[in-house]
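**Student:** sharing a model that was predicted from the sequence below.
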Amino acid sequence: METKKHTGIKQLLVNECQIIQQKVVDSSKAAMNEAQVALNEYGPNKDRYDSFRDQLISRRDMFAGQYQKTLAEYSVLTRINPNAKNECAEFGAVIITDKSNFFISISLGKVTINGELFYAISPNVPLYKVMKGVKKGDTFEFNKQKHRILEIY
């Protein structure tokens, strides 16, 4: 029964993170589209050194890059198997400590599931580097604060 509860929480975490990230994807796509509309409305180069048009192009390209990044992060979420049982702190794991709860996925910050607060963190952040590979019962220290692993799933 315990495994079923863990799978349920992990599935809820994956779903909530996908909802949050989809909003980020939609927002970045809208910003990219708005920049493209502004560029289209401005029209072709007014002269050889049209710096305003160059600024509009740079803005559109910046938002296009952000859009691509948000899509890639969403794709990372789809690779998490909520039914997988993790034995140590690794990608896709839910880690319950005596101080906080973590979901190793992408950096989304605070995510609340059934009234419980989880921190969705990326494997690229310093906190993960410290906890990588720890198992249930192990401890790790981050920012001079000791955490004891109560559960991993």
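**Tutor:** Sure, I can see it. Numbering: from 1, shown residues only.
**Student:** check contacts around Thr78.
**Tutor:** Residues near Thr78 by CB atoms under 8 Å, 6 or more residues apart in numbering: Gln18. (Each C-beta comes from the backbone N, C-alpha and C, glycine too.)
**Student:** middle-most residue in the protein, spatially?
**Tutor:** Closest to where the C-alpha atoms of the chain average out (CA atoms, centre = their mean) is Ile106, at 2.8 Å.
**Student:** element containing that one?
**Tutor:** Following DSSP states H and E, there is no helix or strand that holds Ile106.
**Student:** skipping adjacent residues, who's closest to it in space?
**Tutor:** Among residues not flanking Ile106 along the chain, Glu73 sits closest, at 4.7 Å (CB to CB, 6 or more residues apart in numbering).
**Student:** now do the helices in this structure.
**Tutor:** Under the criterion DSSP state H, helices of the chain are mapped to 2-42, 51-78, 126-131.
**Student:** the ones you listed: which one's closest to Asp98?
**Tutor:** helix 126-131 (13.2 Å; CB to CB).
**Student:** per-residue confidence at Pro44?
**Tutor:** On pLDDT, Pro44 comes in at 85.
**Student:** for the residue nearest to the centre of the chain, give its distance to Asn124.
**Tutor:** Distance from Ile106 to Asn124, counting by CB to CB, to the nearest Å: 9 Å.
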